[in-house]
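Colleague: Please find the sequence and the predicted model below.
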Amino acid sequence: MPMTKPGPSRVLVVLVLAALITIAYGGSVRNEFVFDDAIFMQHDPRVRSLDQGLRLFVEPLWGFGDEDGRWRAHQYYRPLQTFPLALSRAAFGDAAWPSHVFNLLLHLLNSLMVLAIVVRVLRDNGSACVPRLSDSSLEPLNPRTLDSSIPRSLDPYWIAALAAALFAIHPGYSEAVLWISNIAGLGATVCTLAIFLLHLSPRAPRWYTQLGTAVLFLLGLWFKESGILAPALIGLYDLLVAPDRGWRRLWRHRWRYAVFGPPFAVYSALRVYALGGALPGFETVPLTRWELILNAVALLPQYVATFAWPFDLNMYHDFNAIHDVWSRPFAGGLAILASGALLFALTLRSHPPVAFAVAWVFTAAAPHLLIRWPQLNVFAERYLYLPAVGVFLALAYVAERVGRRPSQRSSRMAAIVTVALSAVFLVTDIARTRDWRDEVSLYSKTLTQSARAELIRTNLAIKFLDLGRYDDGIALLKDLLAINPDWRDAWHNLGLLYLAKGEPDEALAAFERAREQDPLKASTWLNLGYLYDRAGRREEAVEAYFRAVRVKPGDAEAWHNLAVVAFQLGQYRNARIAAEKELAIAPDDAQAHALVRQLNGLPRGSGRPESGDASRRCQAAKQAVDEGRYADAIIALQAAAWFDEASPLPHHYLANVYYLTGRLPEAVVQQREALARAPRNELYRSNLAALERALAASAER
């Protein structure tokens, strides 16, 4: 057995790893918020106010976007993805650099734990053993002779340090470090690796270690769903590579595994409460179960290729689903699976660390092969981060075995290759860091690599809107609509660009297409109302505003516009109603207060209610009711009441429609409004009495 060269100083290794990460990614502290980061920082009230931060633990990750009353299928419950952003904003305002620094520290911590794991696995499997003398060696050996006759191998710590260094700077998953929102993946990995090391610790049976494991497991799940992998990975270690590996070890340590139960129960309860289910909306994925399996296998070649050749990096890869086994990606994925299974079988007994590393890679990759949203970037380079630990563990084990009897020439060649590879990695990392400096740079680079990238085109167009580059944004969205005319929000955003550019006709056409595409988007109706009013199509404008407040009752701007229209028409009673609704939503709105002051200054009885058209509008609403279009009828009648506030007819019709749709309280209110305008109408009086009796009976039930 060869003697070992002493390993490097532990402090030196920490400093070198920190220096490498700083060289590779230190430039990110000058980068801005991009992609999801920017959305959270700009629009999530739970991030913008620390007082609301605790909502993150009982609400979906994207729950703040549910503003129009529609139920959305949320699958992400990750409180600790955005809670650090809330803390950063509370302490440093809108600066991005603290979040980037935090990502770098998490990456350094992960790299140090990779080092510790590799050292432990290598030493548990016969590395760095002192030379043993045969029983026939009776005569003492000269130390000088021993030193010269026995080859000197590297201490496992050297090899582990090299593996950790390459893990720290490998560009294939650089976005895992550069993207602030991937604090979710970094944090989950920190917790997973820490749990793994605690399990290997001599103090593992102690109560405080078990308590720490439980807390880390809950934190890992709160960072990202992949935190669930921790018990699976330590189970693989106990079964495959521990010194006393096997099923008996698993059984002996069953109480250590039981500690994962309580935190998982807490997480599951909170997740179901926040999302409404364990995995809601998964049934809406437009792929069959068989197709999900096919595409999961077909993704494997992309991951292998990115890890092996990490130089054409892209933050958004177009996804092209496959539907049968006769495709090249599936064949490649099947070959990778077969190769992994063969390598696992060949090394299970002779080289357990390699078998364990193979199992680690496929186990860590498995959750990221689950296709949830096929229209988005299914394949992402950051998903290589945790699987890469297994790859570097296997490479370190092989390097340690080969390095037991190194020749001077092979050692020199290995050193040259390592230094050259590290230099190439660092140069690539530095360049990639610049790509992530802001949204325009990142999205522009991405669009040179992905032919469709619908979401990126949309995001860049909105960024151009903010920057006043309207023509650039319009060109992007026109290209997008040529590729995919049904892409969500594309028409709406095109309307915004045309409106900002001062081309109302084009904006109106775009918003009308957006309305057809998504009739429940309140902001589309709001913009349509503005453009209709601007074009003199006031009746359509009022209907559009009513549709906006029907979709989003808390839309203060729509109520304000209704108040202005009513005021301009001399419908002062309606103007006051709308202004009061606006103030109920936005009590500090200066424009609403100014309008109320104007209304208060008007002589009693002033105004000029329109008449003559209420009957026509009510007949149109009746036709909509006959056709079963109750929502359209309600909007038409609300507009009719708005244009002729003295007429009882729209309110009477509204009461009937609300009764037909089972909305008894609203029916009673509208029938009272009709009777207030025609107090001698016996039909209205009898209808009101019948509705009130029905409402009382309903309340008793």
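Modeller: Nice, thanks for sending it over. Numbers count the residues shown, from 1 in each chain.

Colleague: what about the closest residue to residue 102 other than its chain neighbours, which helix or strand?
Modeller: Of all residues not flanking residue 102 in the chain, residue 84 sits nearest, at 6.3 Å (CB to CB, 6 or more residues apart in numbering). For the C-beta atoms, the positions are set from N, CA and C on the backbone; glycine is no exception. Taking DSSP states H and E as the criterion, residue 84 maps to helix 79-92.

Colleague: contact partners of that helix?
Modeller: 37, 40-41, 44, 46-50, 53, 56-57, 61, 95, 98-99, 102, 180-181, 183-184, 187, 219, 222-224 (CB atoms under 8 Å, 6 or more residues apart in numbering).

Colleague: same check, this time on stretch 227-241
Modeller: Residues contacting stretch 227-241 (CB under 8 Å, 6+ apart): 121, 124-125, 188, 191-192, 195-196, 199-200, 216-217, 219-221, 245-247, 249-250, 253, 257, 260, 264, 348, 352-353, 355-356, 359-360, 363-364, 367, 386.

Colleague: Quick check: PyMOL command selecting the buried ones in the residues you listed.
Modeller: A single PyMOL command selects the buried members of the contacts of stretch 227-241 (16 or more other CB atoms under 10 Å):
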select buried, resi 121+124+125+188+191+192+195+196+199+200+216+217+219+220+221+245+250+253+257+260+264+348+352+353+355+356+359+360+363+364+386
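
Colleague: can you list contacts of the helix or strand hosting residue 298?
Modeller: Using DSSP H and E, residue 298 sits within helix 289-308. Residues from elsewhere that reach helix 289-308, judged by CB under 8 Å, 6+ apart: 170, 172, 285, 287, 313, 317, 321-325, 327, 329-330, 332-334, 336-337, 365, 369-371, 378-379, 381, 383-384, 387-388, 391.

Colleague: In stretch 671-685, which residues are buried?
Modeller: Taking 16+ other CB under 10 Å as the criterion, stretch 671-685 shows 671, 672, 673, 674, 675, 677, 678, 684 as buried.

Colleague: Quick check: pLDDT value at the residue nearest to residue 102.
Modeller: pLDDT, residue 84: 95.

Colleague: What separation do you get for it and residue 75?
Modeller: Per CB to CB, to the nearest Å, residue 84 is found 21 Å from residue 75.

Colleague: How is this protein divided into domains?
Modeller: For the chain, automatic domain parsing gives the domain ranges 11-32+96-127+151-431, 451-600, 614-700.

Colleague: of those, which approaches residue 439 most closely?
Modeller: domain 451-600 (5.0 Å; CB to CB).

Colleague: Point out where this structure drops to low pLDDT.
Modeller: Low-confidence segments of the chain (pLDDT under 70): 1-8, 67-71, 126-155, 282-283, 373-375, 405-408, 604-612, 701.

Colleague: Strands of the chain, residue ranges please.
Modeller: Assigned by DSSP state E, the strands in the chain fall at 3-5, 152-154.

Colleague: Reformat the buried residues of stretch 671-685 as CSV; add distance to residue 451.
Modeller: Formatted as CSV, the buried residues of stretch 671-685 follow (distance: CB to CB, whole Å):
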residue, distance to residue 451
671, 59
672, 60
673, 57
674, 59
675, 63
677, 61
678, 64
684, 63
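
Colleague: out of these, who's nearest residue 395?
Modeller: residue 673 (77.7 Å).

Colleague: for that closest one, what are its contacts?
Modeller: By CB under 8 Å, 6+ apart, the residues touching residue 673 are 641, 648, 651.

Colleague: Relative to residue 675, how far out is residue 685?
Modeller: Per CB to CB, residue 685 is found 6 Å from residue 675.

Colleague: And residue 541, by the same measure?
Modeller: From residue 541 to residue 675 the distance is 29 Å (CB to CB).

Colleague: and the contacts of helix 289-308, which are buried?
Modeller: Buried among those by 16+ other CB under 10 Å: 170, 172, 313, 317, 322, 327, 329-330, 332-334, 336, 365, 369, 371, 378-379, 381, 383-384, 387-388, 391.

Colleague: Among the residues you listed, which ones are in helices?
Modeller: Mapping the buried ones among the contacts of helix 289-308 onto helices (DSSP state H) picks out 329, 330, 332, 333, 334, 336, 365, 387, 388, 391.

Colleague: could you redo these as a markdown table and give each row distance to residue 207?
Modeller: Shown next, in a markdown table, are those (distance: CB to CB, whole Å):
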| residue | distance to residue 207 |
| --- | --- |
| 329 | 49 |
| 330 | 49 |
| 332 | 49 |
| 333 | 45 |
| 334 | 47 |
| 336 | 43 |
| 365 | 34 |
| 387 | 33 |
| 388 | 34 |
| 391 | 35 |
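
Colleague: quick check, nearest of those residues to residue 695?
Modeller: For these, the nearest to residue 695 is residue 365 (59.1 Å; CB to CB).

Colleague: For the residue nearest to the closest one when sequence neighbours are not counted, give me its contacts.
Modeller: Counting by CB to CB, 6+ apart, residue 387 is the residue found nearest to residue 365 once chain neighbours are left out, at 4.6 Å. With contacts defined as CB under 8 Å, 6+ apart, residue 387 is in contact with 303, 360, 361, 362, 364, 365.

Colleague: Just the closest of those to residue 448, please.
Modeller: Distance to residue 448 across the contacts of residue 387 (CB to CB) is lowest for residue 303, with 22.0 Å.

Colleague: What is the burial count for the closest one?
Modeller: Look at residue 303: counted by other CB atoms under 10 Å, it has 24 neighbours.

Colleague: re the thing from before, inside helices: which ones of the contacts of residue 673?
Modeller: Using DSSP H, those in helices are 641, 651.

Colleague: rewinding a little: could I get the domains of the chain as a markdown table with distance to residue 89?
Modeller: Below are these laid out as a markdown table (distance: least, CB to CB, whole Å):
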| stretch | distance to residue 89 |
| --- | --- |
| domain 11-32+96-127+151-431 | 9 |
| domain 451-600 | 20 |
| domain 614-700 | 40 |
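
Colleague: Do a quick rundown of the helices in the stretch 451-600 of the chain.
Modeller: 454-467, 470-483, 490-501, 504-517, 522-534, 538-551, 556-568, 572-585, 590-600 (DSSP state H, counting those that start in this stretch).

Colleague: which stretch among these comes nearest residue 397?
Modeller: Going by CB to CB, the one of the helices of the stretch 451-600 of the chain nearest residue 397 is helix 454-467, 39.9 Å.

Colleague: what's next to that closest one, contact-wise?
Modeller: Applying CB under 8 Å, 6+ apart, the external contacts of helix 454-467 come out as 35, 316, 375-377, 439-440, 443-444, 446-447, 450, 470, 472-474, 476-477, 479-480, 483-484, 487, 489-490, 493-494, 496-497, 500.

Colleague: Perfect, that will be all.
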